[in-house]
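[1] Sequence plus the predicted model coming up.
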Amino acid sequence: MAVPPIQRSPNAHSAGPTARVRFPWLLDSVLGLLIIVALPLAMLAIPNTVSVVSGLLPEGFDKLALMRAHGLALPAMILTVPLAAVALRHVKVPHMLLGGLTVLALADVAGGFAGSTFLVATLRVLHGIGAGLLIPATLVAAWERSMALRAIWTGMLAFSLLTAQALALWPLDQVSDWKITLQPYPLLTGIALALAAVYFVVWLLQGQPPMPSPRAAERSRLLLASVPAVGISVVAISTASEEWGPGLVILLAVLAIVALLVMASFGSRGGPRTPAYVMVAVGIVLLPSLAQITYVEMRGLGGPGLLGGSGMTGLWIPLVVAGVLALASAIAVRLFAGARWLAPLGLLAMVVGLASVRVLVPAADGLVLVIPFTLLAAGAAVALTSALSQSGIGAGLFGLALCFPGVLAGYLLATGVQLMMLRGVTVAQQLVDRFVGTLHLWSLIGGFLVVAVIVLAELLSRRAAPADEADEADEAAEPMGSDAAPTPSSVTSSDADGHSVSSVSSGTSTDVVAEVAGEGAGAEAAVPTVRRSRRSERRGPTIAVDAVEVPAQPAAGAEDRPAGAIPRIPVSPDSSGAAERNVASVEGVGEVTGPVPPVPPQAQSPEDTTP
């Protein structure tokens, strides 16, 4: 009787067996530099800064239409991220990195020739698409590399969201051309493109190491994540076009945030909820808060500005300090990735940072802003690193697909609050005071939002089934990029009636009942079905045989049994994993002791019986 070989189910996280990288430090070094340059470059596409240089616009430009066109980058980005994450199933990560940076470079070059609102809108959409390609590609590229690389990615994501508004405003200081908003850092784009080319060459020379990819169910959820992204984008564009009142804007923003939290709850169906909740909270709070702080601390409103002067420390010093501490915090968390409580602890640090904004901002000197900036950036880095350390690549990409819709929802809510606070203002000093009051009110709202996310995540995690919690731990602990199947050992025993019963173990545990069916001498062989059971996955790389029915040939003296009787005999679990067993005597076959073959021995056929 031919028994098909038992094969391990395909690894959902890897496209194939891991290639042996000869110089892993070289690939990791180039990728680390690329992440450090590319993530801030991608975040620079988010801020809408054209209003700062509106006085430089030539005659005939509709300033309001130009501002709306300039704001199309973020909607384009939030629609691109989930689609790019799904496309990584078929597109190589180095190819997507090169493609995203090429799109950004072309948009930068064409920005110098922008002469119409339509062209500005087109270039900003290209900026959003390029940034949307870079963000998931860098995460997937760093996922299976050294421990420090994923920490660098999360730390740089937090730092990039912290500094995006300040970096976008920096080139606009004392400029003479408004087109600088379309190409703020062309040299940085060129450096990133060169690093991507070097990474591509090193990746080829190293044998094209495979990258992880989400499962089929996770890809479906990624596509589902584009639904709220479309809705929030439509609301944001309509808000800018229709000039809705503050009450309606706030209501729509709250509904958008609720929709994102509901969507984040779907993470339990194929992965942990924590990354989705954390990324939604970080997206809603971090960049919208820092954008308001940066505007309040500009020189025109009495703050130190970005570079400082007249004995005042500029914003760049606390921003750099916060960024370095965020990277250090992310690396420290990555070394102790098993602590689940670090994710809510990081979010609580962000709440404390928002509370300090109400006390310390506005500040005449920028140095004191090290406290809120560090709490916000380091807290976000700790929460992101801890959440991603406990999940698989599918859950991480799903959370990332919800992060940037959260940024846009946070902008909508902050805009609604600002419109409400600035209603009826006519005096310049009153305008400044209302700006500060808006920031303080937003910090209070953002703090309560983060606390609500922490409580919601904790409550739903406690209500989650134990099987889901075990899947989360297995998803994080499963070795990536390796398809090496364990060597199964077979154990054969017999029941009281002499039927042969076999089970398969990979050295850890035998999990499922093996059944032997016999319907007489003419019975046809049943094809065994092999699967990896949930319980065996939690214990280790065990391969279980699920309901393997092998027709036993009747041995001598078995003719008097009733035809069609199918005994079902459970096999007690044996987790010793020993390669040698004492096999019980099977009727018609002598007792065998020694190494057991991977396929149970076939019982003696009646035709072989000597009369």
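    Perfect, thanks for sending it. Residues are numbered from 1 along each chain as shown.

[2] elements contacting the host helix or strand of T189?
    Using DSSP states H and E, T189 maps to helix 186-205. Under the contact definition 3 or more C-beta pairs under 8 Å, 6 or more residues apart in numbering; DSSP states H and E, helix 186-205 sits against helix 24-43, helix 93-111. (C-beta placed from N, C-alpha, C; glycine too.)

[3] and it with helix 93-111, angle?
    Per axes from the mean of the first three to the mean of the last three C-alpha atoms, to 10 degrees, the angle that helix 186-205 makes with helix 93-111 is 160 degrees.

[4] Pull out the buried residues from helix 186-205.
    Going by neighbour count (16 or more other C-beta atoms under 10 Å), the buried part of helix 186-205 is 186, 188-189, 191-193, 195-196, 199-200, 202-203.

[5] got the end-to-end distance for stretch 208-227?
    In stretch 208-227, first residue to last residue: 34 Å (C-alpha to C-alpha, to the nearest Å).

[6] what comes up buried for it?
    In stretch 208-227, counting by 16+ other C-beta under 10 Å, buried: 209-215, 218-219, 221-222, 225-226.

[7] In helices, which of these appear?
    Of the buried residues of stretch 208-227, the ones assigned to helices by DSSP state H are 218-219, 221-222, 225-226.

[8] Confirm for me that L397 is in contact with L83.
    No - assessed by C-beta atoms under 8 Å, L397 is found out of contact with L83, at 11.2 Å.

[9] Which one's more surrounded, these two?
    More crowded of L397 and L83, by other C-beta atoms under 10 Å: L397, with 31 against 18.

[10] That one: what's it in contact with?
    Going by C-beta atoms under 8 Å, 6 or more residues apart in numbering, L397 touches 82, 85, 136, 139-140, 214, 218, 222.

[11] Show me the shaky parts of the stretch 351-500 of the chain.
    Counting by pLDDT under 70, the stretch 351-500 of the chain shows low-confidence ranges at 462-500.

[12] from the middle of its chain, how far away would the one helix or strand G399 maps to be?
    Taking DSSP H and E as the criterion, G399 maps to helix 393-421. Averaging C-alpha positions (C-alpha atoms, centre = their mean, to the nearest Å) puts helix 393-421 16 Å from its chain's average.

[13] Just the endpoints, please. Distance across stretch 40-55?
    End-to-end span of stretch 40-55 (C-alpha to C-alpha): 27 Å.

[14] Please, where are all the helices along the stretch 301-450 of the chain?
    Secondary structure of the stretch 301-450 of the chain (DSSP state H, counting those that start in this stretch): helices at 316-335, 342-360, 370-389, 393-421, 428-463.

[15] Give me whichever of those is most buried.
    helix 370-389 (a mean of 28; mean count of other C-beta atoms under 10 Å).

[16] just checking, what packs against it?
    Counting by 3+ C-beta pairs under 8 Å, 6+ apart, the packing neighbours recorded for helix 370-389 are helix 147-169, helix 274-296, helix 316-335, helix 342-360, helix 393-421.

[17] which residues sit in contact with V425?
    431, 434.

[18] Torsion angles phi and psi at it?
    Main-chain dihedrals, V425, degrees, to the nearest 10: phi -80, psi 130.

[19] now it: how far from N48?
    21 Å (C-beta to C-beta, to the nearest Å).

[20] Equivalent analysis for F61, please.
    16 Å.

[21] between these two, which one's more packed in?
    N48 (21 against 16).

[22] need the contact list for L319.
    162-163, 166, 373.

[23] can you list contacts of the helix holding T189?
    Here helix 186-205 has contacts from 26-27, 30-31, 33-34, 37-38, 40-41, 94-95, 97-98, 101-102, 104-105, 108-109, 141, 209, using C-beta under 8 Å, 6+ apart.

[24] same thing with stretch 359-375?
    Contacts of stretch 359-375 (C-beta under 8 Å, 6+ apart): 162, 290, 293, 296-297, 301-304, 308, 312-319, 321-322, 325-326, 349-350, 352-354, 356-357, 436, 439-440.

[25] rerun at 7 Å
    Applying C-beta atoms under 7 Å, 6 or more residues apart in numbering, the external contacts of stretch 359-375 come out as 162, 293, 296-297, 302-304, 308, 312-315, 317-319, 321-322, 325, 349-350, 352-353, 356-357, 436, 439.

[26] cool, and stretch 284-303?
    46-47, 161-162, 164-166, 169, 257, 304-305, 315, 350, 354, 357, 361-363, 366, 376, 380, 406-407, 409-411, 414, 432, 435-436, 438-439, 442-443, 446, 449-450.

[27] Run the chain-centre distance for that stretch.
    28 Å.

[28] go on, stretch 277-286?
    Centroid separation for stretch 277-286 versus its chain: 13 Å, with C-alpha atoms, centre = their mean.

[29] Would you indicate which residues of that stretch are buried?
    Buried residues in stretch 277-286 (16+ other C-beta under 10 Å): 277-286.

[30] circling back: output the buried residues of helix 186-205 as a markdown table; include the columns pLDDT.
    A markdown table is the format used below for the buried residues of helix 186-205 (pLDDT from 0 to 100):
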| residue | pLDDT |
| --- | --- |
| P186 | 91 |
| L188 | 93 |
| T189 | 94 |
| I191 | 95 |
| A192 | 96 |
| L193 | 95 |
| L195 | 96 |
| A196 | 96 |
| Y199 | 95 |
| F200 | 95 |
| V202 | 93 |
| W203 | 92 |
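
[31] Make JSON lines out of those and add distance to R150.
    Below are the buried residues of helix 186-205 laid out as JSON lines (distance: C-beta to C-beta, whole Å):
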{"residue": "P186", "distance to R150": "29"}
{"residue": "L188", "distance to R150": "23"}
{"residue": "T189", "distance to R150": "25"}
{"residue": "I191", "distance to R150": "23"}
{"residue": "A192", "distance to R150": "19"}
{"residue": "L193", "distance to R150": "23"}
{"residue": "L195", "distance to R150": "18"}
{"residue": "A196", "distance to R150": "19"}
{"residue": "Y199", "distance to R150": "16"}
{"residue": "F200", "distance to R150": "21"}
{"residue": "V202", "distance to R150": "19"}
{"residue": "W203", "distance to R150": "18"}
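
[32] For this structure, which helix or strand comes out least confident on mean pLDDT?
    When the helices and strands of the chain are scored by mean pLDDT, DSSP states H and E, strand 515-517 comes last with a mean of 34.

[33] State the pLDDT value of the closest residue to A76 other than its chain neighbours.
    Spatial nearest neighbour of A76, excluding adjacent residues (C-beta to C-beta, 6 or more residues apart in numbering): G128 at 2.8 Å. pLDDT for G128: 96.

[34] Next: A142.
    Reading off the model, A142 has pLDDT 93.

[35] Which strand or helix spans it?
    Using DSSP H and E, A142 sits in helix 117-143.

[36] Give the other helices and strands that that helix contacts.
    helix 24-43, helix 63-70, helix 73-87, helix 93-111, helix 147-169, helix 393-421 (3 or more C-beta pairs under 7 Å, 6 or more residues apart in numbering; DSSP states H and E).

[37] Just the buried positions in that helix, please.
    Neighbour-count burial for helix 117-143 flags 117, 120-143 (criterion: 16+ other C-beta under 10 Å).

[38] and what of stretch 45-53?
    For stretch 45-53, burial by neighbour count (16+ other C-beta under 10 Å) applies to 45-50, 52-53.

[39] now do stretch 87-94
    So stretch 87-94, judged by 16+ other C-beta under 10 Å, has buried residues 87-88, 92-94.

[40] May I have the distance across that stretch, first residue to last?
    This stretch, stretch 87-94, spans 13 Å end to end (C-alpha to C-alpha).

[41] where's that stretch relative to the chain centroid, distance-wise?
    Its chain's average C-alpha position is 15 Å from that of stretch 87-94, according to C-alpha atoms, centre = their mean.

[42] Okay, now the unreliable bits of the stretch 151-300 of the chain?
    267-272, 300.
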